[in-house]
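Participant: Here's a sequence, model it:
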Amino acid sequence: QVQLVESGGGLVQAGGSLRLSCTASGYTFSRYSMGWFRQVPGKERALIAGISWNGGNTVYVDSVKGRFTISRDNGKNTVYLQMNSLTPEDTAAYYCAKDRVSWRPIALERTNFGSWGQGTQVTVSS
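Facilitator: This is a model prediction of the structure:
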């Protein structure tokens, strides 16, 4: 079955950087777009970055554009989220997710995604 395992979260000071990783198994990783979401208590999980199956297309929510970079290594079945210039507002649980449909150019809606990882916590101190 599909399994997504995130890692790389932690505590960082404002202005610092973290790189999250999500390693996938149980399906053909290279056929599916991937996304990174984040969620804070009391709010809905929100898509912040997406990447197409071949890495050729990426999309970001405005609040992270220019600071975060999503990338993937299909040979390692892994998607990454490089996060720079972190602020306390970036504090959240971060999740990776797999598109429900293969070969989609890029997934833009939360409902496009099916399987989820268990999440990794990112805490940014001021």
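Participant: The top strand by length along the chain packs against which elements?
Facilitator: Ranked by residue count and defined by DSSP state E, the top strand of the chain is strand 92-102. When contacts are defined as 3 or more Cβ pairs under 8 Å, 6 or more residues apart in numbering; DSSP states H and E, strand 92-102 sits against strand 3-7, strand 18-25, strand 32-39, strand 78-83, strand 113-116, strand 120-125. In short, each C-beta sits where N, CA and C put it, glycine included.
Participant: hmm, try it at 7 Å
Facilitator: Using 3 or more Cβ pairs under 7 Å, 6 or more residues apart in numbering; DSSP states H and E as the contact criterion, the secondary-structure elements in contact with strand 92-102 are strand 3-7, strand 18-25, strand 32-39, strand 113-116, strand 120-125.
Participant: of the ones you listed, which approaches Y60 most closely?
Facilitator: Closest of those to Y60 is strand 32-39, at 9.5 Å (criterion: Cβ to Cβ).
Participant: which other helices and strands contact the closest one?
Facilitator: The criterion is 3+ Cβ pairs under 7 Å, 6+ apart, and the helices and strands that strand 32-39 contacts are strand 46-51, strand 92-102.
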